[in-house]
Structures are given as C-alpha cells and as structure tokens.
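# Give me coordinates for this.
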Amino acid sequence: MKSPAVVNYAPEKGSVELRDIEKPQIGEEEILLEVANVGVCGSDLHQWTADHSWPVNYPVVLGHEFGGTIAELGNRVTGWKEGDRVVSETAAVIDPLNPMSREGLYNLDPTRKGFGYGVNGAMTRYVRVPARCLHRVPEGLEMEKACLTEPCCVAYNSVVENSSIKPGDRVIVIGPGTIGLLCAAVAKSCGAEVAVVGLESDSLRLEIARQYGCETFTGDAMEWAMQRDGLGADSVIDAAGVSATLKAALELVRPNGQITKVGWGPKPLNFSLDPLVQKNVTLQGSFSHNWPVWERVLAMLASGDLDVTPLIGGVWHLEQWHEAFEEMHHGHVVKSILKP
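Purely as a prediction, here's the structure:
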C-alpha cells in the first residue's frame, strides 16, 4: 500500500516534491500512527529553501509537528490501543545509554535523530513512531491544535525550564515567528510583562502578539526595556534566525539579567561579547524538549491556558503542500497545517 508524502530528496534549493511511499513496517516497540494533522515548521521551509544548518538524511519525508490515531501496535507495546489519539515527540532515534538520555535529557543526546530530517516524518498518511515518544491527547482538544504541541514545547522549555522568569519581570522576545510568539504567550502565563520586537514586514505577527497581551515594537525597544528602573529588561528571548539579534539582546538586557537563545542562525557573530562580561549576563541556549514538558504543555492546551488558535493560518490537504509552504514563506500566515 502506497501513500503520497512530501519528500525532501536532495540538498539543492526547491528539492521537495510529492512522492508515493510504501506504508511503513513497525518494530516491536513501535506504533504505526495514522496522521490527522501535521504542522509546517520553519525548519521544513529551511530544508525546502536549502538554507538550513543541520545534516539531513536524503531522501526524507518532512514533518515533525504531528498527531493522529494509533493504527497498529508492535507486539511489545503496552499501555496503548488502536484508535488512541496521540501526539509524538520528535526524538525518533536516541541512544538510551547516553549519559544525557539517562538523565532524562535525551533531547540533548548528540546521536539523536529527529523526524523530518533524520528519519521519515509525518507529511504523509502513516508514520512509524517509537511508543516512548507518545503522549495522549486530552479529550476535547482538537487535533488541529494538538499537532502544534511540539512548537509549544520548544517555547515552554525556553521560557520555563531554561530561563529564570518571575511574575512582574520585563521580558523582551526578539523575533515574532511561531516560536517567538509562543515564547511570548508562555512568558505572559508566567506573569511577566512582555514586549515582542519584529520588523515592519511582521505586521501580521505583531498583531497576534498583541492578541496575547504583549507590547510590540518594530526596531528599537530600548525605551520600553528601561521604563521600570533604567537598567533594562530582566530577560531577553532571542527567537530570531539571524546572529545580529544577539547583539541587540546584549544592549536590551539589564546587568545580571539573562538572554535565552532559541533561534537558529548559522552566520558568524562578527561583534564583541564584552558586554556579556561587563554586565554579568547569563547566556543560555535552549534546544528541543523532553517528556515532562510535553505533559505540562498538553495540560495547558487542554485547559485553554495556552491558545494556539491565533497562530493557525489555515489547513491544507497534503496535495496542496506547496501552497501551504508558500503562504508561510511569504509571511501571509504564521502557521500552516496539513491534513493528509
């Protein structure tokens, strides 16, 4: 049995097309997931435009933000049954004996491979998933929202687990992409005052930030950063994909404050990090997520404490993948969702 899939087949720009692939065969500790919805991530676009900075196992089916129902179970899988509604983490391949994995931080296992670049992802009808990656979708949570659990977990890990944000803090988020907007929403849920910084071309995204109760700026946010006591923002979340934003973050953050870098940017910095030293600033990276983060985020999505509705720009059938990609790429929508 074959199904259409969105396949990134080579490292050259535009090397993505719809191909028919065989239904996956599952192992003893895996399940076969029938995909209900899959979100288009900025990393999918970067592989499509060939400006990514991570290794890809070509050809590979794209898609790592997904959910659906269990269609088959491996013979050693327990605790699940066919028909269960689930979402999946992204760490498709890990070394369980790696020290990071043994600490529960398998997202930091250097041998980790994820869906959509290391192994086949979910932009197709069926995807093979290790049972350890599964999380149950709470009753009443629509799959079009549940499939966005993954980017919400990236934001939660950045803001809650890897930052020291307290109620009343002034937090600046640089970059109003999906992750930046979700970081802003999570920071608001922590009781922080939040401002989101973007470009003139980010008007749609900055409007969504305002829906989340944030202040917005195009360009300079220094006056807002200094309003409380003239020292700067308590925390800056750098969710942009260019290195220059780290320089801006160093200017905006207060002495003894924190910068959390969650946005990828492959180009060299080309500026001095002396302000990091002079201000005694903590610079923290944040990558991916792990099991407890997923459980907390799903609870927030189910309760409505975290609402992804403002981000969803539309749902496209799988055959319309190119249109869905283009709409995101040109900034017409923040998040496209595919329905296999």
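
# quick one: low-confidence ranges for the stretch 201-340 of the chain?
For the stretch 201-340 of the chain, no stretch has pLDDT under 70.

# Helices of that one, start to end?
In the stretch 201-340 of the chain, the helices defined using DSSP state H, counting those that start in this stretch lie at 203-211, 222-226, 244-252, 274-278, 291-303, 321-329.

# Save those helices as CSV, and put in mean neighbour count and distance to residue 75 too.
Bear in mind the C-beta positions are built from the backbone N, C-alpha and C, glycine included. Putting those into CSV (neighbours: other CB atoms under 10 Å; distance: least, CB to CB, whole Å) gives the following:
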stretch, mean neighbour count, distance to residue 75
helix 203-211, 18, 45
helix 222-226, 16, 57
helix 244-252, 20, 49
helix 274-278, 12, 53
helix 291-303, 18, 23
helix 321-329, 19, 34
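
# Can you tell me which helices and strands the host helix or strand of residue 129 packs against?
Assigned by DSSP states H and E, residue 129 belongs to strand 126-130. With contacts taken as 3 or more CB pairs under 8 Å, 6 or more residues apart in numbering; DSSP states H and E, strand 126-130 sits against strand 30-39.

# Show the average pLDDT along the strand it packs on.
Regarding strand 30-39, the rounded mean pLDDT is 98.

# Likewise for stretch 148-162?
Mean per-residue pLDDT for stretch 148-162: 98.

# tell me which residues in that stretch are buried?
Within stretch 148-162, the residues that count as buried by 16 or more other CB atoms under 10 Å are 148-160, 162.

# ok, these vs residue 296, which is closest?
Closest approach between these and residue 296, by CB to CB: residue 156, at 6.7 Å.

# So the closest one sits against residue 296, correct?
Yes: counting by CB atoms under 8 Å, residue 296 is a contact partner of residue 156 at 6.7 Å.

# List the contacts of residue 175.
Contacts for residue 175 (CB atoms under 8 Å, 6 or more residues apart in numbering) come out as 197, 198, 238, 239, 240, 241, 245, 263.

# 10 Å instead, please
Shown in contact with residue 175 (CB atoms under 10 Å, 6 or more residues apart in numbering): 181, 183-184, 196-199, 202, 205, 237-242, 245, 262-263.

# Per-residue pLDDT of it, please?
97.

# Could you find the closest non-adjacent residue to it?
Among residues not flanking residue 175 along the chain, residue 240 sits closest, at 3.2 Å (CB to CB, 6 or more residues apart in numbering).

# Kindly report the same for residue 137.
residue 85 (4.2 Å).

# surely the one you found meets residue 71?
No: applying CB atoms under 10 Å, one finds residue 85 not in contact with residue 71, separated by 12.0 Å.

# middle-most residue in this structure, spatially?
Geometric centre of the chain, nearest residue: residue 151, 2.8 Å, by CA atoms, centre = their mean.

# so that residue, which of the three states?
When classified by DSSP: H, G, I helix; E, B strand; the rest coil, residue 151 comes out as helix.

# shouldn't it be in contact with residue 311?
Yes: assessed by CB under 10 Å, residue 151 is found in contact with residue 311 at 8.5 Å.

# Touching both of those two, which residues are there?
39, 177, 178, 181, 182, 335.

# before we move on, back to that, quick one, which of the helices of the stretch 201-340 of the chain is nearest to residue 102?
Closest to residue 102 of these, according to CB to CB: helix 291-303, at 13.6 Å.

# for that closest one, packing partners?
Applying 3 or more CB pairs under 10 Å, 6 or more residues apart in numbering; DSSP states H and E, we find helix 291-303 packed against strand 85-88, strand 134-136, helix 143-146, helix 149-156, helix 178-189.

# now the fourth one against strand 30-39, angle please.
Using axes from the mean of the first three to the mean of the last three CA atoms, to 10 degrees, the inter-axis angle of helix 149-156 relative to strand 30-39 is 80 degrees.

# Identify the contacts common to residue 156 and residue 296.
Taking CB under 10 Å, 6+ apart as the contact rule, residue 156 and residue 296 both touch 289, 306.

# count of neighbours near the residue nearest to residue 175?
Applying other CB atoms under 10 Å, we find 26 residues neighbouring residue 240.

# same deal with residue 239?
Neighbour count of residue 239, defined by other CB under 10 Å: 29.

# Now do the contacts for it.
Applying CB under 10 Å, 6+ apart to residue 239 gives the contacts 154-155, 158, 173-184, 196-197, 245, 260-264, 286.

# Ok, residue 263 next?
42, 158, 174-175, 177, 179-180, 183, 237-243, 245-246, 286.

# Kindly recompute the last result at 8 Å.
With contacts defined as CB under 8 Å, 6+ apart, the neighbours of residue 263 are 174, 175, 177, 179, 180, 238, 239, 240, 241, 242, 245.

# one step back: adding distance to residue 98, write the buried residues of stretch 148-162 out as CSV.
CSV is the format used below for these (distance: CB to CB, whole Å):
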residue, distance to residue 98
148, 28
149, 24
150, 22
151, 25
152, 26
153, 20
154, 21
155, 25
156, 23
157, 19
158, 23
159, 26
160, 24
162, 20
